[in-house]
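Q: I need the structure of the sequence given here:
(one chain, ligands or ions: 2)
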Amino acid sequence: MTNSSSKIFFAELEYAMREHRFLKNNPVAEALENGKANADQIKFAIEQYSMLPAWIVRLLAASRGRLHGWSDVQTELSNNIGEEAGSKTGGLSHVEILIRGLAEELKLDVRGVEYSQATQTFLDEMLQAIKTQSPAFAVGIAYALEDSATPELLVLSRVLNGYASLTKQSLPISAITLAGQSQPAEVTTMEEAKKLSLDDFLSLHVQEFEPGHRNRLAQALTERLTDEVKQELKNGFDFTLDLMDAWWDAMVRDGKIDSHPVFDRAALGGVA
Ligand SMILES: [Fe+2]
Ligand SMILES: [Fe+2]
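A: Ligands and ions are numbered 1, 2, ... in the order given. Down below sits the predicted model:
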C-alpha cells in the first residue's frame, strides 16, 4: 500500500478512536471534575489503571509473537518493548518510573494492588484475542494500545491532579503538560531516571514515546496493508477500544462513583 493511502487508513482509525467515550467523556475524569467522586474512588481508578502499564510489555510481546514473517513490524515492537524496559531511560522501566512517582508525589503504593474483576477481564480478553485471532487482529490490538496511549495518558493526568486536589497535595501535572506542549526532560542515566517526576513521565510519554510508538508501528505496517489485513487490523483496533470503554466504565461502577446527577434539575423545572 502506498504511504498516502496508509496515512488515510490510520487517520480514519484515529478519528474513530477519539469518539470513544473513555477518551471523549472519560467517566472517571468527568465524575471527578463534577465533584462526584471522593479520594478513595479516584485512588481505586488510578490503582486499576496502573495495571495497564504493568501489562504493556506482555501484550506487545504476545502480539509480536503472532507476526511471523512481518519482520519490520516485529522489529518495531521489539524497539517499543525495549523502551518500556528502559532503553531510553537509563535502564529504568517506564512502569517503575510511574510506580515511584505515584509513591513519592501522591503517596499511592500501587505495587500490591489487586485486579478488579473488570481489570482482569480487560487484560485477559486482550491477551486471549492476541493469541487466538488472526495476526492482523493481534497487531490491531497493539496499534490500538499505542494510538490510544497519548490521549489516555492525558486523561490520567487530569485524574492524578484531581486526586492530588482531593487529598490536599500539590498537583503533580503541570498545565503545559496537560496542554500537550511541554518540553520533555533529557534522560540518559539511571540516576537521572530516578529523579523523573510524574510530570516528566507524562511529558516524555505524550511528547515523545507514545507518538513514536504509534508512528513507527504505522510506518512498519504500511507495506502489509492489503484489504484483508486492514479489515482485521481494524477489527482488533475496535475490539480493544470497546474493551477500554467498558473498563473505564467499570472503574466508575466498581469504585461506586456517581457519574450521573442524583436528580435532573431541568426535569424539576429548576426548583431543586
Ligand atoms: Fe512507556
Ligand atoms: Fe507505547
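Q: from now on I want contacts and neighbour counts done on CA atoms only, so please keep to that.
A: Fine.
Q: can you name the residues of the stretch 151-272 of the chain sitting close to ligand 2?
A: Contact residues, the stretch 151-272 of the chain versus ligand 2 (Cα under 5 Å from the ion): Glu210.
Q: please identify the helix or strand for the residue nearest the centre of the chain.
A: The centroid of the chain falls nearest to Ala149 when counting by Cα atoms, centre = their mean (3.8 Å). Assessed by DSSP states H and E, Ala149 sits inside helix 135-166.
Q: and the closest residue to ligand 2 within the stretch 1-150 of the chain, what pLDDT?
A: With Cα to the ion, the shortest gap between the stretch 1-150 of the chain and ligand 2 falls at Glu146, namely 4.7 Å. Note for Glu146: predicted pLDDT of 98.
Q: how much space between it and Arg253?
A: 26 Å (Cα to Cα, to the nearest Å).
Q: ok, Gln48 next?
A: Distance from Gln48 to Arg253, by Cα to Cα: 13 Å.
Q: which one of those two is surrounded by more residues?
A: Gln48 (21 against 16; other Cα atoms under 10 Å).
Q: for the more buried one, helix, strand, or coil?
A: For Gln48, the assignment made with DSSP: H, G, I helix; E, B strand; the rest coil gives helix.
Q: thinking again about what came up before, anything in the helix holding Ala149 near ligand 1?
A: No - Helix 135-166 is not in contact with ligand 1 by Cα under 5 Å from the ion; minimum separation 8.8 Å.
Q: which positions in that helix come out as buried?
A: 135-164, 166 (16 or more other Cα atoms under 10 Å).
Q: likewise stretch 227-234?
A: Val229, Lys230, Glu232, Leu233, Lys234.
Q: now secondary structure and pLDDT too, for those, in JSON lines please.
A: Output for these, formatted as JSON lines (DSSP: H, G, I helix; E, B strand; the rest coil; pLDDT from 0 to 100):
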{"residue": "Val229", "secondary structure": "helix", "pLDDT": "98"}
{"residue": "Lys230", "secondary structure": "helix", "pLDDT": "98"}
{"residue": "Glu232", "secondary structure": "helix", "pLDDT": "98"}
{"residue": "Leu233", "secondary structure": "helix", "pLDDT": "98"}
{"residue": "Lys234", "secondary structure": "helix", "pLDDT": "98"}
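Q: just those now: which is nearest Thr89?
A: Closest to Thr89 out of the buried residues of stretch 227-234 is Leu233 (30.6 Å), distances taken as Cα to Cα.
Q: near ligand 1, which residues of the stretch 51-200 of the chain? Just list them.
A: Neighbours of ligand 1 within the stretch 51-200 of the chain, by Cα under 5 Å from the ion: Glu84, His94.
Q: all helices of the stretch 51-200 of the chain, in order?
A: Taking DSSP state H, counting those that start in this stretch, the helices of the stretch 51-200 of the chain run over residues 51-64, 71-84, 94-106, 117-132, 135-166, 175-178, 190-194, 198-204.
Q: who's in contact with the residue nearest to the centre of the chain?
A: Val206, Glu210 (Cα atoms under 8 Å, 6 or more residues apart in numbering).
Q: let the chain start at 263 from now.
A: OK, 263 is where the count begins now, so the last one is Ala411.
Q: pLDDT value on it, please?
A: For Ala411, pLDDT reads 98.
Q: which residues are in contact with Ala426?
A: Contacts of Ala426 by Cα under 8 Å, 6+ apart are Leu368, Ser432, Leu433, Pro434.
Q: mind checking how far it is from ligand 2?
A: Going from Ala426 to ligand 2 by Cα to the ion, to the nearest Å gives 25 Å.
Q: distance of that residue from ligand 1?
A: Taking Cα to the ion, one finds Ala426 at 22 Å from ligand 1.
Q: one more: Tyr311?
A: 13 Å.
Q: tell me, how many residues neighbour that residue?
A: 18.
Q: can you check the one 4 residues further on too?
A: Counted with other Cα under 10 Å, the burial measure for Pro315 works out to 16 neighbours.
Q: that one against Ile359, yeah?
A: No - using Cα atoms under 8 Å as the test, Pro315 is too far from Ile359 to be in contact (10.7 Å).
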